[in-house]
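S.K.: Let's see this in three dimensions:
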Amino acid sequence: MSMHWNFDKPLRTMCNTAANEADKALWEKENLGGITEDNNRLPMPIVLLVVLTVITAFAVTFPLWGQRPSAAIYEGYIKAMNLPEVLAIKDDNEAIKKIIQLNAAGPHEAMLDRHPVNMDDLRIMKPEMEALMATKGVDLHDYEVVGDHVVLANFEGNKRADGSVIRQQPWWDKGYLIDIFYLSYFFIAVTILIKRLPPSSWQPRHNH
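M.R.: Purely as a prediction, here's the structure:
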């Protein structure tokens with residue numbers, strides 16, 4: 001059976017005149033158990049609220065904002081702790097300021113700003129970090145700082161040439177691709193469904 005598609009004015013209606021007239025007659029005939037449904041457009045505040053909800057949901061769960069600190073970002077801090085100019089500083093606050101200064105403008109500056117540490121934190125992680133740094137073939141990006149421990153990250157990615165598994169949190173979660181697909185599918189499907197109805201300029205009389 002033909003669907004009577006019409007794309008001349010898709011934002012007004014996607015049906016031809018005959019299909020619209022048939023839908024109007026059916027709409028007037030069907031009383032829906034006494035519940036009368038008008039043919040009004042969805043209020044713009046509701047549309048904007050839905051858009052805001054989707055944007056907010058993506059923004060607050062974006063993997064980049066929630067990335068856990070990898071051990072690699074603190075490697076420079078741990079190495080700086082052994083420098084004579086840092087060891088000579090007796091005040092912890094001044095010492096951490098000096099360490100931060102020595103590592104300023106480094107490759108992990110943004111992540112370090114998001115995950116600040118103090119001297120006590122560095123002292124706790126220092127033995128584990130130095131042990132990993134001394135182990136051949138260890139990539140500190142595969143480890144995370146969780147509380148007072150440096151642990152192997154629980155992510156599993158592709159394998160390296162040596163057979164080891166890359167355990168690094170991606171900046172883009174694969175689940176986002178699924179979300180984008182299904183949200184796009186949903187909104188496109190709903191839009192098509194609505195535009196298959198008679199134009200909103202027509203209102204049913206409900207037998208009046």
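S.K.: residue contacts, residue 169?
M.R.: 63, 67-68, 70, 153, 155 (C-beta atoms under 8 Å, 6 or more residues apart in numbering). C-beta here means a position set from N, CA and C on the backbone, and glycine is covered the same way.
S.K.: can you pick the most crowded of the residues you listed?
M.R.: residue 70 (23 neighbours; other C-beta atoms under 10 Å).
S.K.: how near is it to residue 40?
M.R.: 53 Å (C-beta to C-beta, to the nearest Å).
S.K.: And residue 53, by the same measure?
M.R.: Relative to residue 40, and taking C-beta to C-beta, residue 53 is found at 21 Å.
S.K.: can you check residue 130 too?
M.R.: From residue 130 over to residue 40 (counting by C-beta to C-beta), the distance is 68 Å.
S.K.: of those two, who's got more company?
M.R.: The neighbour comparison of residue 130 against residue 40 (other C-beta under 10 Å) goes to residue 130, with 14 against 8.
S.K.: From residue 175, how far out is the most centrally placed residue in the chain?
M.R.: Nearest residue to the geometric centre of the chain (C-alpha atoms, centre = their mean): residue 62, 2.6 Å. Separation of residue 62 from residue 175 (C-beta to C-beta): 11 Å.
S.K.: Endpoints of stretch 143-153, how far apart?
M.R.: Start and end residues of stretch 143-153 are separated by 5 Å (C-alpha to C-alpha, to the nearest Å).
S.K.: what is the rounded mean pLDDT of it?
M.R.: For stretch 143-153, mean pLDDT rounds to 91.
S.K.: And stretch 191-203, by the same measure?
M.R.: 86.
S.K.: Restricting to C-alpha, output that stretch in CSV.
M.R.: Extracted C-alpha coordinates of stretch 191-203, given in CSV (Å, rounded to 0.1, in the frame of the first residue of the first chain):
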residue,chain,number,x,y,z
THR,A,191,9.7,14.0,13.6
ILE,A,192,8.7,11.9,10.6
LEU,A,193,5.8,10.4,12.6
ILE,A,194,4.5,13.9,13.5
LYS,A,195,4.9,15.3,10.0
ARG,A,196,2.9,12.4,8.7
LEU,A,197,-0.1,13.9,10.5
PRO,A,198,-2.2,16.7,9.0
PRO,A,199,-0.5,20.2,9.3
SER,A,200,-0.9,21.8,12.7
SER,A,201,-2.8,24.6,11.1
TRP,A,202,-5.8,22.2,10.9
GLN,A,203,-7.7,21.5,14.1
